[in-house]
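**Student:** Here is a sequence together with a model predicted from it:
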Amino acid sequence: MKVLIAEDDFASRLFMRKFLSKYGECDVVVDGIEAVDAYLNSIKDGQVYDLICLDIMMPRLDGMKALKSIRDIEKQQGIETEKKVKIIMTTALNDKETVLNAYDSGCEAYAWKPIETDKFILVMKNLGLIV
């Protein structure tokens, strides 16, 4: 599995990388602009990400805007629904409206910080990313 972690908080970045590196190759970026750029590069290289973890609150371009950009790119590229990257939003925000907006914008799942690894593993299994 190829994973992109977009997280501006250093400790959260380290945690996510250590946790997810057990399941595949992890790239790490610190904001939404870098996330969109990394996604575009993965398409150009023919090694598209299987999973992108997007923090909602990031500088320059937040996770919600990055999510919308990635879904727009997939639409422009004609990527079929079953081949779209799985996106899990991560945040410390516990706001129902933000959660609903994230799902409306095309994320597959939502994880609150601090990340509960057992629940995260279950989500990855349910998304067909791991067995």
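**Tutor:** That came through fine. Numbering: from 1, shown residues only.
**Student:** If you rank every helix and strand of this protein by mean pLDDT, what lands last?
**Tutor:** Lowest mean confidence among the helices and strands of the chain (mean pLDDT, DSSP states H and E): helix 96-104, at a mean of 88.
**Student:** Please enumerate the helices of the chain.
**Tutor:** 10-20, 32-45, 63-77, 96-104, 117-126 (DSSP state H).
**Student:** now the fourth one, how far from the centre of its chain.
**Tutor:** Centre-to-centre, helix 96-104 and its host chain are 15 Å apart (C-alpha atoms, centre = their mean, to the nearest Å).
**Student:** by contact count, what packs against the least confident helix or strand of the chain?
**Tutor:** helix 63-77, strand 109-112 (3 or more C-beta pairs under 8 Å, 6 or more residues apart in numbering; DSSP states H and E). For the C-beta atoms, the positions are set from N, CA and C on the backbone; glycine is no exception.
**Student:** Pull out the buried positions in that helix.
**Tutor:** 98, 99, 101, 102 (16 or more other C-beta atoms under 10 Å).
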